[in-house]
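Participant: when you get a sec, could you give me coordinates for this:
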Amino acid sequence: MSADDERPTARVTATTIKTTLPGMSDHALLRESRDGDARAFEELFTRYYALVHSVVYRIVGDAAEAEELTQETFLRLYERPIQATESANVRAWLLRVGTNVAFNAVRSRQRRAGWLRRLAGRADVRETGDDPSSIVVARDEAGRVRQVLARLPERQRAALVLRASGLSYAEVADALGVRPGSVGTILARAERAFREMAGSMYPAEGGEK
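Facilitator: So this is what the prediction gives:
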């Protein structure tokens, strides 16, 4: 077969990839991305950006910083892509890296955000009309909570945040690389460690069930 005979096949393949990207598996997109197809990486970005950003935002409590750290997470995938094996779990990898990047930011910069509100899934505090002294106390407490969480072992802090972000036990297990049956134990240990570090700031009866 001549080179001219091969060109139409190549064009058809490229067109097929372009029109079917949203329906491709993560594994296929990862393989195409590693081979230099920027569109495949863009599809992975589109597919998981909102999820990773929501988890990172829950940790840092600041939209602009969450945007920056989420982009950093995807940049790591772009610059050092994981192996495109059948067992590769892009979603879990992104969540794991995203939580680590975010907690590193909390630990190094000691961000002033409403961590306690967000972790517990409570409604945002509306400052208008609130007692200023109460707002200061709440912010100080939130800062201490973030610091305690950042001191927990990586797996424990990630489990708390991912679970608080609405992920199921199975999804948390994927992100942590553990069996689903182990998640409950990890969460229980994380909550116990958190209470011990936080002391009276976080009473035992206030933990998650």
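
Participant: tell me which helix or strand of this protein sits lowest on mean pLDDT?
Facilitator: Least confident helix or strand, the chain: helix 3-20 with a mean of 41, by mean pLDDT, DSSP states H and E.

Participant: following that helix, which helix or strand comes up?
Facilitator: helix 26-34 (DSSP states H and E).

Participant: okay, the angle between the longest helix along the chain and helix 26-34?
Facilitator: Longest helix of the chain, by residue count under DSSP state H: helix 38-60. Counting by axes from the mean of the first three to the mean of the last three CA atoms, to 10 degrees, helix 38-60 lies at 110 degrees to helix 26-34.

Participant: what comes up buried for helix 38-60?
Facilitator: Across helix 38-60, burial judged by 16 or more other CB atoms under 10 Å covers 40-41, 43-45, 47-49, 51-53, 55-60. Quick note: C-beta positions are derived from backbone N, CA and C, even for glycine.

Participant: against which helices or strands is that helix packed?
Facilitator: In terms of contacts (3 or more CB pairs under 8 Å, 6 or more residues apart in numbering; DSSP states H and E), helix 38-60 is packed against helix 3-20, helix 26-34, helix 63-79, helix 90-109, helix 115-120, helix 154-164.

Participant: and the angle for it with helix 90-109?
Facilitator: With the same axes, to 10 degrees defining the directions, helix 38-60 sits at 40 degrees from helix 90-109.

Participant: quick one: mean pLDDT over helix 38-60.
Facilitator: In this model, helix 38-60 carries a mean pLDDT of 91.

Participant: residue 87 is in what secondary structure piece?
Facilitator: Using DSSP H and E, no helix or strand contains residue 87.

Participant: pLDDT score for it?
Facilitator: So residue 87 comes in at 70 (pLDDT).

Participant: next: residue 168.
Facilitator: Reported pLDDT for residue 168: 89.

Participant: equivalent analysis for residue 127, please.
Facilitator: Confidence score, pLDDT, at residue 127: 43.

Participant: can you pull the domain assignment for this protein?
Facilitator: Domain ranges of the chain: 1-111, 113-209, per automatic domain parsing.

Participant: mind showing which ranges of the protein have poor pLDDT?
Facilitator: 1-21, 84, 109-143, 200-209 (pLDDT under 70).

Participant: dump the residue contacts of the residue nearest to residue 77 when sequence neighbours are not counted.
Facilitator: Of all residues not flanking residue 77 in the chain, residue 94 sits nearest, at 6.7 Å (CB to CB, 6 or more residues apart in numbering). Residue 94 is in contact with 48, 51, 52, 73, 74, 77, counting by CB atoms under 8 Å, 6 or more residues apart in numbering.
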